[in-house]
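Undergrad: A predicted structure for the sequence below; I have some questions about it.
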Protein chains: 6
Amino acid sequence: MPVIQVTMLKGRTVEQKRKLAERLTQAMVEEAKATKEAVTITFIEVSREDYASAGVLMEDRK
Amino acid sequence: MPVIQVTMLKGRTVEQKRKLAERLTQAMVEEAKATKEAVTITFIEVSREDYASAGVLMEDRK
Amino acid sequence: MPVIQVTMLKGRTVEQKRKLAERLTQAMVEEAKATKEAVTITFIEVSREDYASAGVLMEDRK
Amino acid sequence: MPVIQVTMLKGRTVEQKRKLAERLTQAMVEEAKATKEAVTITFIEVSREDYASAGVLMEDRK
Amino acid sequence: MPVIQVTMLKGRTVEQKRKLAERLTQAMVEEAKATKEAVTITFIEVSREDYASAGVLMEDRK
Amino acid sequence: MPVIQVTMLKGRTVEQKRKLAERLTQAMVEEAKATKEAVTITFIEVSREDYASAGVLMEDRK
């Protein structure tokens, strides 16, 4: 049932995404009584120039 | 008026997206009385390692 | 596989949403070879003060 | 850095959301090396008539 | 052309949203050469228990 | 606090995104009393075949 959209910087490995998919799903099942089969996750990867916080692009930090 | 965001696996052809755009828009107009000009659609394409269901990446299925 | 997020004005009936769910799903299956069971749709309803086009809230149109 | 949008059915308690926020954040930190302070989560709650899978509204299941 | 989805806490007045719609649109037109008529904005309002940062719900801060 | 997701056509320069990040954040702070540090922005870039309005892909216009 839940749909989880994760927007994050590019560069995570497949193994990291595999673990994320497992743990995010598990959290939904254990804490929110979601049905495991119904949890859908999408990872939307953006580059450092496509992410800003406090008005500043990641690209421009440090 | 409606904004439709479609997150799907990479690999659809332009012709498939053209048809999707037509039919999704038409459904909004005919079933929900949306104004055709006001329907906006975005396709966000992700790869098989960026999509998970039931805690498993598409990449890892079969 | 596809996740469809539809953001639209409040006020559609359950019957309209039922038809929308059917037709949007059907379009994904027929035009994009999606597996029917894998199509997830969410309707996010907003009020007229939460939707703007060309810089003007729907609330302020006519 | 990551932004997590969770779209789920209405009805979870504050305590459930509190746990979800903790665990989703923890997963991002431990598996994807995200900075804890940079993880933002939004829960978008929808009703059973605003969620469909396989072309059928949750409202119409069983 | 751009679609802007703003997820924010409930409680802004219509006047605040009106100003936001104007200014966000203006920024897209002036800085990114967007066509004014093509800018669509949606405000998705969430409550304090539906927004978390650093693993903590807004509800639980202070 | 606010999360702003901007879906737009590919092709803006880093300088354009830098200005957008500044101005969108500033608008949230000045008009909606958001805390500057809490404004997160993501730019999701799509190509002309991934954006449709009035049922027609950008790719097919003109």
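TA: That came in fine, so what should we check first? Numbering: from 1, shown residues only, chains lettered A, B, ... in the order given.

Undergrad: which residues does residue A:48 contact?
TA: Contacts for residue A:48 (Cβ atoms under 8 Å, 6 or more residues apart in numbering or on different chains) come out as A:9, A:57, A:58, A:59. Yep, even glycine has a C-beta here, placed from its N, CA and C like the rest.

Undergrad: Oops, could you answer that again for residue A:57 instead?
TA: By Cβ under 8 Å, 6+ apart, the contact list for residue A:57 reads A:48, A:49, A:50, A:51, F:14, F:17, F:18, F:21.

Undergrad: Show me which residues of stretch A:19-31 are buried.
TA: A:19, A:20, A:21, A:22, A:23, A:24, A:25, A:26, A:27, A:28, A:29, A:31 (16 or more other Cβ atoms under 10 Å in any protein chain shown).

Undergrad: got these as TSV, with pLDDT, distance to chain F and secondary structure columns?
TA: Output for the buried residues of stretch A:19-31, formatted as TSV (pLDDT from 0 to 100; distance: Cβ to the nearest Cβ, whole Å; DSSP: H, G, I helix; E, B strand; the rest coil):
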residue	pLDDT	distance to chain F	secondary structure
A:19	98	22	helix
A:20	98	17	helix
A:21	98	20	helix
A:22	98	24	helix
A:23	98	22	helix
A:24	98	18	helix
A:25	98	22	helix
A:26	98	24	helix
A:27	98	20	helix
A:28	98	20	helix
A:29	98	25	helix
A:31	98	22	helix
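
Undergrad: what's around the nearest residue to residue A:44 once chain neighbours are set aside, how many residues?
TA: Nearest non-adjacent residue to residue A:44, counting by Cβ to Cβ, 6 or more residues apart in numbering or on different chains: residue A:7, 4.6 Å away. Residues lying near residue A:7 (other Cβ atoms under 10 Å in any protein chain shown) number 23.

Undergrad: tell me the SS of residue A:7?
TA: Secondary structure, DSSP: H, G, I helix; E, B strand; the rest coil: residue A:7 is strand.

Undergrad: you'd agree it is up against residue D:2?
TA: Yes: look at residue A:7 against residue D:2 with Cβ atoms under 8 Å: they come within range, at 6.5 Å.

Undergrad: now the helices: where do they sit in chain A?
TA: Ranges of helices in chain A, per DSSP state H, are A:14-32.

Undergrad: residues from chain A in reach of chain D?
TA: Residues of chain A found near chain D (Cβ under 8 Å from any Cβ of the partner chain) are A:1-9, A:12, A:16, A:19-20, A:23-24, A:27-28, A:30-32, A:34, A:38, A:51, A:53, A:58.

Undergrad: switch the cut-off to 6 Å
TA: Residues of chain A that fall close to chain D, judged by Cβ under 6 Å from any Cβ of the partner chain: A:1-9, A:12, A:16, A:19-20, A:23-24, A:27, A:31-32.

Undergrad: before we move on, back to that, filter the contacts of residue A:48 down to the buried ones.
TA: Buried among the contacts of residue A:48 (16+ other Cβ under 10 Å): A:9, A:57, A:58.

Undergrad: Would you mind measuring from the second one to chain C?
TA: Right, residue A:57. Distance from residue A:57 to chain C, counting by Cβ to the nearest Cβ, to the nearest Å: 24 Å.

Undergrad: same question, residue A:20
TA: From residue A:20 across to chain C, the span is 17 Å (Cβ to the nearest Cβ).

Undergrad: how close does the closest residue to that residue other than its chain neighbours get to residue D:17?
TA: Excluding its sequence neighbours, the residue lying closest to residue A:20 (Cβ to Cβ, 6+ apart) is residue D:31, at 5.0 Å. Distance from residue D:31 to residue D:17, counting by Cβ to Cβ, to the nearest Å: 21 Å.
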